[in-house]
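[1] below: sequence and its predicted model.
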Amino acid sequence: MSGSKIPPLPPECLEVLKHVWDYLDDQLTDETTERLRAHIAECQGCFQYKSFQENFLEAVSTLRLRPGASPELREKVLGTLRTEGFAR
Amino acid sequence: MPASSPDEPSGRDAAFAREALPWMDDVYRFALSLTRDPSDADDVVQETYLRAYRSWHTYTPGSDCRRWLFTICRNAFLRSVERDRPTVGLEDVERDVIGAGEVYAAALEEGYTDLYARADIGPAIERAVRELPEPFRATLVLVDVEDQSYESAAEILGVPIGTIRSRLFRGRRLVQERLLAHARDLGVVGDRGPEARETP
Ligand SMILES: [Zn+2]
């Protein structure tokens, strides 16, 4: 752990550090999820870390708002499909 | 108007138009994440829809058409791309989650804790994701942008779920490191000073 900026953590906080993404992605067992939820609710540091990671995932998901297929591409695709017999 | 049978050409085309065509934006974004080049992405989308149309009989009506299209898109892309991918071991996964914690610790220390909540972070995220190496980029785009489950992403990319998790975590860590570097470059300072030290 040499050079790490992370100070030694209590085991509960270490578990949040290691599993915050599993937690946010809903990949943990109910029991573990509940244990993490309870700890995050009472530990300010872990709550802030969870929020930081939540903000990250939220920010990445906004890339979905980027433009998709251009009208020209749409026309090209439909044109190709029509040569295959697509009749719409 | 009588409903046409899915076996008739008109019914088949209607079903294709209804279930497959509406996802072209999503397929394009995924294709662009794979190719990183808009005109190559156009070609992959064309190829995807052509293959999808030709093999429409293999699609189960009412199932997840977007997932089905993403899988075809991935295969259409793979046609022209090398297949050996770096693997991410389990011990690397731990390093990635700790690495993300270190980004946070540095952000706290330097006053960037609102980094990801800033309204102007969008272009930096877009760039960081675009510059992610494969296989991390496709995985992160499927799960974090296109909202696919780990299971769907595993099916689309043809890898085990554990591989999705390790690739995703590596991708997230790399993007976070990029964003922290970006904040430092700009000298963006959040609303909290260096005194706020609450590392978990
Ligand atoms: Zn804690």
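    Looks like it came in fine. Quantities reported herein were computed from a predicted structural model and do not represent experimental measurements.
[2] from here on, just use CA atoms for contacts and neighbour counts.
    OK.
[3] pLDDT score for residue 49?
    You didn't say which chain, so I picked chain A. Per-residue confidence at A:Tyr49 stands at 96 (pLDDT).
[4] switch to chain B, that's the one I care about
    With respect to pLDDT, B:Tyr49 has a value of 96.
[5] so after whichever strand or helix holds A:Ser61, what's the next helix or strand?
    For A:Ser61, the host element (DSSP states H and E) is helix A:44-61. Sequence order places helix A:71-83 as the next helix or strand after helix A:44-61, per DSSP H and E.
[6] buried ones in that following helix?
    A:Leu73, A:Arg74, A:Lys76, A:Val77, A:Leu78, A:Thr80, A:Leu81 (16 or more other CA atoms under 10 Å in any protein chain shown).
[7] from the recorded domain assignment, give the ranges for chain B.
    Chain B breaks down by automatic domain parsing into domains covering B:9-80, B:93-198.
[8] so which of those gets nearest the ion?
    Among the domains of chain B, domain B:93-198 comes nearest to the ion, with 9.7 Å by CA to the ion.
[9] show me what contacts A:His39?
    Taking CA atoms under 8 Å, 6 or more residues apart in numbering or on different chains, we find A:His39 in contact with A:Glu12, A:Cys13, A:Cys46.
[10] for B:Arg29, that is, sorry about that
    B:Arg29 sits in contact with A:Arg64, A:Arg66, A:Pro67, A:Gly68, A:Ala69, where contact means CA under 8 Å, 6+ apart.
[11] how does it look with 7 Å?
    B:Arg29 is in contact with A:Gly68, counting by CA atoms under 7 Å, 6 or more residues apart in numbering or on different chains.
[12] what's the spacing between it and A:Arg64?
    8 Å (CA to CA, to the nearest Å).
[13] find the centremost residue of chain A, please.
    A:Leu57 (4.1 Å; CA atoms, centre = their mean).
[14] if we can go back for a sec, out of the buried residues of helix A:71-83, who's nearest chain B?
    Nearest to chain B among the buried residues of helix A:71-83: A:Val77, at 5.3 Å, using CA to the nearest CA.
[15] pretty sure the closest one contacts B:Gln46?
    Yes. Counting by CA atoms under 7 Å, A:Val77 touches B:Gln46, with 5.3 Å between them.
[16] ok, the one helix or strand B:Glu155 maps to near chain A or not?
    In this assignment (DSSP H and E), B:Glu155 forms part of helix B:150-157. No. Using CA under 7 Å from any CA of the partner chain, helix B:150-157 stays clear of chain A, coming no nearer than 8.9 Å.
[17] which residues touch that helix?
    B:Arg67, B:Phe70, B:Thr71, B:Arg74, B:Thr139, B:Leu142, B:Val143, B:Pro160, B:Ile161, B:Ile164.
[18] out of the residues you listed, which end up buried?
    The neighbour-count test (16+ other CA under 10 Å) marks B:Arg67, B:Phe70, B:Thr71, B:Arg74, B:Thr139, B:Leu142, B:Val143, B:Ile161, B:Ile164 as buried among the contacts of helix B:150-157.
[19] next, format those as CSV and append secondary structure and pLDDT.
    Output for the buried ones among the contacts of helix B:150-157, formatted as CSV (DSSP: H, G, I helix; E, B strand; the rest coil; pLDDT from 0 to 100):
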residue, secondary structure, pLDDT
B:Arg67, helix, 96
B:Phe70, helix, 97
B:Thr71, helix, 95
B:Arg74, helix, 92
B:Thr139, helix, 95
B:Leu142, helix, 96
B:Val143, helix, 97
B:Ile161, helix, 94
B:Ile164, helix, 95
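[20] now, among those residues, which is nearest to chain A?
    Using CA to the nearest CA, B:Val143 is the member of these that sits closest to chain A, with 9.0 Å.
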